[in-house]
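J.: here is my input, please return the structure:
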Amino acid sequence: MKKTVTIFLYDDVEVLDFAGPLDVFLLANEHGKNKLFDVRTVAKKKDPVIAAYNGLSINPQYEISEITKTDILVIPGGNDISDLLADEDTIQWVRELGDGADHVLSVCSGSLVLAKAGLLEGLKATTHHADMLELTSLAPNTEIMDGVKFVDNGKVITSAGITTGIDMCLHALEKICGPDIAKQTKISLEYK
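T.: Below you'll find the predicted structure:
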């Protein structure tokens, strides 16, 4: 049975933070004869989401009210996530979806969202170097790791930022699908 991969989008999301993981799981699915994953994008509303820096408009497939469970939750980072961190409804949705997921992955400042949702309690985590102090403040019971690409706690994996989201997803892919699919995906991505 296919595993569902839910990638959360919001205004000011970093393009590579969501597009890197999206490509990893979509390419892996191709190598698995389209039997591995059902990859979907979701936002608070189905309205277009405007990405950070370049104004790229992204059309999410679902809104959060339509997604009540997933196997793999991916929270990408963004340029300014203060509005997202203040949105209690969305944070509650992340908490509930994350609690029920097999794997919860964050890229860059997406770890701040996981911290706000209480999903990093007692774990180790990382984030983009510019967000280390804020993560420390939001997650006082979390061991913050600097200078690493990603931190794997088993269920929850956080990555440092931007390109490290690809590293993290390739690592998660190997855990979920095995080394052959991960290797084929890495070759397709021309990822060294």
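
J.: mind naming the longest helix for this protein?
T.: Assignment by DSSP state H gives helix 15-31 as the longest helix of the chain.

J.: do you know how far the spatially most central residue of the chain is from G110?
T.: Taking Cα atoms, centre = their mean, the centroid of the chain lies closest to V74, which sits 2.5 Å from it. Distance from V74 to G110, counting by Cβ to Cβ, to the nearest Å: 8 Å. Heads up, the C-betas are built off the backbone N, CA and C, glycines and all.

J.: buried sites along the longest helix of the chain?
T.: For helix 15-31, burial by neighbour count (16 or more other Cβ atoms under 10 Å) applies to 15-25, 27-29, 31.

J.: which element is the residue nearest to the centre of the chain on?
T.: Using DSSP states H and E, the element containing V74 is strand 72-75.

J.: ok, and what's touching that strand?
T.: Contacts to strand 72-75, defined as Cβ atoms under 8 Å, 6 or more residues apart in numbering, come from residues 3-8, 18, 21, 25, 37, 94, 97-98, 101-107, 110-111, 113-114, 169, 172, 176.

J.: can you tell me which of those residues are classed as buried?
T.: Buried members of the contacts of strand 72-75, counted by 16+ other Cβ under 10 Å: 3-8, 18, 21, 25, 37, 94, 97-98, 101, 103-107, 110-111, 113-114, 169, 172, 176.

J.: inside strands: which ones of those residues?
T.: Counting by DSSP state E, the part of the buried ones among the contacts of strand 72-75 found in strands is 3-8, 37, 103-107.
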